[in-house]
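Student: what would the 3D arrangement of this be:
(chains A, B and C)
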Amino acid sequence: MKTKITWCLAIISIMILSACSDSETLKGDTEVQPAVQASTVNYQQKVNQDVKRFREFFASKFPNIELEEFVNGAYAIDAATREQWLEIEEFPPYEIPVEEGQEFFEAPFANGKTYADCFENGGIGIRQNFPYFDEKTNQVITLELAINQCREANGEQPLDYGQGELASISAYMANESRDNVFDIKVNSEAAYKAYMAGKQFFYSKRGQLNFACADCHLKISGSLLRADILSPAIGHPTGMPVYRSNWGELGTIGHRYRECNKNVRAEPLDYQSESYRNLEFYQTVMSNGLVVNGPSSRK
Amino acid sequence: MKKVFYAILFSLFFSSPCFANAQQSIEQAEKNLEKVAKLEFEWSTTAPLIQKAKKALADGNEKIAEALAKEAIAQTEYGFIQAEYASKNWQEGEPK
Amino acid sequence: MKGTRILLSSLLVTVIAAFSSITLAQESGLSAELAQGKAIAFDRRKGNCLACHYIQGGALMGTTGPGLVAMKQRFPDRQRLITQVTDARLNNKNTIMPPFGAHGI
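Tutor: Residues are numbered from 1 along each chain as shown, chains lettered A, B, ... in the order given. Model (predicted):
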């Protein structure tokens, strides 16, 4: 009897909840100013304050680590595995994919054009400009999305987003941009909305295990989860794509996002879904000021 | 009189837990799943539960199918709660 | 379903309590129950408590949560311990410990 009543109550509350879920409150965010104020709001300034607080958090959590070091993920903060990793980096496992990526990159499409025709500066040294908010199409454009858009504009089939040819091309383009500094801009209301959506995704608990990205990569970053040292979220996108020994090949940041979702038993989203692109946008903004060091390797 | 008796018997039969309505629960679970997926709070454990429920139903294990479908529904409902909770409280995880 | 979850949680609580004073485990007649609780606590698909907690006798343990030692002294209130395992959010709203009971993990 008691359990039945609990069930009824649960179902009623769910019904109320799901009725609310259609409203704007879930998708939107609470901090965006009303439209009348939009022209006077300096979004970049608001975002810069976020970046500052984010950095300060990690600076006080890991007081002995220089900011530039955070491009190295868990190896930035763990001396024990760092040694091993430095040895791996002497003959990096991503060297061959980078070479292949260059061949793919330079090979002409059926129409005679190449990737170089789609990108600024022929696609060389531009990794740090991605992802950016495209005011015309009102969405975040990641490097991987741009690569496939380039293919489709030239009558080619899009490539798989997670691993393989596209990851190699992305790796080559990152490699040609090493040490360039990320400085992703958020200077319109629409861009700020995308940024806030990514931020909300980052801090929302999901999956059966009820974890937010921020739980593992901010709150308890640096601690051991079984055998893994949890990397700090600052610098997450700089080393992408990444060669993971347990994957046995390069994977894009989208591949990583899907794996992290699955690990908490949340159904992963599609590659390059709007939410993942917003998340990458947010994560990259949080890494502004750091350099491109992709591709990279992890144990 | 006889008619009423049969009617009562009939409705008792269908409302009894032995005649669990697995099909209905599976449909409900699928509907909920679609909704929770749209909110991006789907659990990766739910779709497999529904598949298992369908298989159990096809194998004639109505009660097991019902239980599995109910579990799937519960998971989607926790997903709704997570979505609602996150929409209101996500800032709590931000560095202060 | 609910009944089994509470049962499982109680089992876990027993194992944690007992492991923190191993002699008690050997003396008491609870060994079958204990073995079952331990299996859950150490199983990656089930409790996977070791991902975050030190428990005597475990391997590859995480450091995210406090070590589960001397539980009897630290949790004189058994109900609070059960709550911690069934839904840690009730003890700490922003906990990162998964709600094992509530989410049927």
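
Student: where exactly do the helices run in chain B?
Tutor: Taking DSSP state H to define them, one finds helices in chain B at B:2-15, B:22-38, B:46-58, B:62-89.

Student: highest mean neighbour count out of those helices?
Tutor: Among the helices of chain B, judged by mean count of other C-beta atoms under 10 Å in any protein chain shown, the one packed with the most neighbours on average is helix B:62-89 (a mean of 21). Yep, even glycine has a C-beta here, placed from its N, CA and C like the rest.

Student: counting by contacts, list what that helix packs against.
Tutor: Secondary-structure packing of helix B:62-89 (3 or more C-beta pairs under 8 Å, 6 or more residues apart in numbering or on different chains; DSSP states H and E): helix A:2-21, helix A:189-203, helix B:22-38, helix B:46-58.

Student: show me which residues of chain C sit near chain A.
Tutor: C:2, C:50-52, C:60-64, C:96, C:98-99, C:103-105 (C-beta under 8 Å from any C-beta of the partner chain).

Student: contact residues of the stretch 151-299 of chain A facing chain B?
Tutor: Residues of the stretch 151-299 of chain A lying near chain B (C-beta under 8 Å from any C-beta): A:200-201, A:203-208, A:210, A:212, A:214-215, A:218-219, A:261-262, A:265-269, A:275.

Student: least reliable of the helices and strands packed on helix B:62-89 by average pLDDT, please.
Tutor: Confidence, taken as mean pLDDT, is least for helix A:2-21 of the helices and strands packed on helix B:62-89 (a mean of 48).

Student: residues from chain C in reach of chain B?
Tutor: Residues of chain C found near chain B (C-beta under 8 Å from any C-beta) are C:1, C:93-94, C:102-104.

Student: farthest-apart pair in those, please.
Tutor: Comparing every pair within the residues of chain C next to chain B by C-beta to C-beta identifies C:1 and C:94 as the most remote, at 27.2 Å.

Student: flag the shaky bits of the chain, pLDDT-wise.
Tutor: In the absence of a named chain, chain A is used. Applying pLDDT under 70 to chain A flags residues A:1-39.

Student: wrong one, I was asking about chain C
Tutor: Scanning chain C for pLDDT under 70 picks out the ranges C:1-30.

Student: which residues of it fall in helices?
Tutor: Going by DSSP H, chain C shows helices at C:2-19, C:22-27, C:31-42, C:71-74, C:78-86.

Student: next: chain A.
Tutor: Using DSSP H, the helices of chain A run over A:2-21, A:43-61, A:79-90, A:95-106, A:143-153, A:165-175, A:189-203, A:213-214, A:253-263, A:274-286.

Student: with respect to chain C, which of those helices lies nearest?
Tutor: helix A:2-21 (6.7 Å; C-beta to the nearest C-beta).

Student: end-to-end on stretch A:107-114?
Tutor: Its first and final residues considered, stretch A:107-114 spans 7 Å by C-alpha to C-alpha, to the nearest Å.

Student: pull the residues that contact it.
Tutor: For stretch A:107-114, contacts defined as C-beta atoms under 8 Å, 6 or more residues apart in numbering or on different chains pick out A:105-106, A:151, A:154-156.

Student: tell me the buried residues within those.
Tutor: The neighbour-count test (16 or more other C-beta atoms under 10 Å in any protein chain shown) applied to the contacts of stretch A:107-114 identifies A:105, A:151, A:154 as buried.

Student: contacting residues around the first one?
Tutor: The one in question is residue A:105. Here residue A:105 is in contact with A:114-116, A:123, A:169, A:172-173 (criterion: C-beta under 8 Å, 6+ apart).

Student: try residue A:56
Tutor: Each residue near residue A:56 by C-beta under 8 Å, 6+ apart is listed here: residue B:95.

Student: same check on the one 3 residues further on?
Tutor: With contacts defined as C-beta under 8 Å, 6+ apart, residue A:59 is in contact with A:65, A:67.

Student: please parse chain A into its domains.
Tutor: Domain assignment for chain A, taken from automatic domain parsing, gives A:43-91+A:186-298, A:95-175.

Student: can you get me a residue count around the spatially closest residue to residue A:206 that is not a sequence neighbour?
Tutor: Sequence neighbours aside, residue A:266 is the residue nearest to residue A:206 in space, at 4.4 Å (criterion: C-beta to C-beta, 6 or more residues apart in numbering or on different chains). Burial measure for residue A:266: 25 neighbouring residues, criterion other C-beta atoms under 10 Å in any protein chain shown.

Student: residue C:56 and residue C:50 touch, don't they?
Tutor: No. If you go by C-beta atoms under 8 Å, residue C:56 and residue C:50 don't touch, sitting 11.0 Å apart.

Student: have a look at those two and say which one is more surrounded.
Tutor: For residue C:56 versus residue C:50, neighbours defined as other C-beta under 10 Å are more numerous around residue C:50 (20 against 14).

Student: that one touches residue C:57, doesn't it?
Tutor: No. Using C-beta under 8 Å as the test, residue C:50 is too far from residue C:57 to be in contact (9.8 Å).

Student: report the separation between the residue lying closest to residue A:101 once chain neighbours are set aside and residue A:241.
Tutor: Nearest residue to residue A:101, sequence neighbours excluded (C-beta to C-beta, 6+ apart): residue A:172, at 3.1 Å. Note on residue A:172: its distance to residue A:241, by C-beta to C-beta, to the nearest Å, is 10 Å.

Student: these two: which is more packed in?
Tutor: residue A:241 (31 against 26).

Student: next one: the residue lying closest to residue A:73 once chain neighbours are set aside relative to chain C, how far apart?
Tutor: Once flanking residues are discounted, residue A:73 sits nearest to residue A:231: 4.0 Å by C-beta to C-beta, 6+ apart. Taking C-beta to the nearest C-beta, to the nearest Å as the measure, residue A:231 falls 14 Å from chain C.

Student: correct me if wrong: residue A:231 contacts residue A:218.
Tutor: No. Counting by C-beta under 8 Å, residue A:231 stays clear of residue A:218, with 10.5 Å between them.

Student: show me what from chain B comes close to chain C.
Tutor: Taking C-beta under 8 Å from any C-beta as the contact definition, chain B meets chain C at B:67, B:71, B:74-75, B:78, B:92-93.

Student: ignore the last one, the stretch 151-299 of chain A
Tutor: Proximity of the stretch 151-299 of chain A to chain C (C-beta under 8 Å from any C-beta) is limited to residues A:208-211, A:215-216, A:219-220, A:223-227.

Student: nearest to residue A:179 among those?
Tutor: Of all these, residue A:179 sits closest to residue A:216, with 28.5 Å by C-beta to C-beta.

Student: mind listing what the closest one touches?
Tutor: A:225, A:230, A:260, C:96.

Student: which non-adjacent residue is nearest the residue of the stretch 51-200 of chain A found nearest chain B?
Tutor: At 3.6 Å from chain B, residue A:57 is the closest residue in the stretch 51-200 of chain A, using C-beta to the nearest C-beta. Using C-beta to C-beta, 6+ apart and skipping residues adjacent in sequence, the residue nearest residue A:57 is residue B:95, 3.6 Å away.

Student: doesn't residue A:218 make contact with that neighbour?
Tutor: Yes. Between residue B:95 and residue A:218 there is a contact at 7.0 Å, judged by C-beta under 8 Å.
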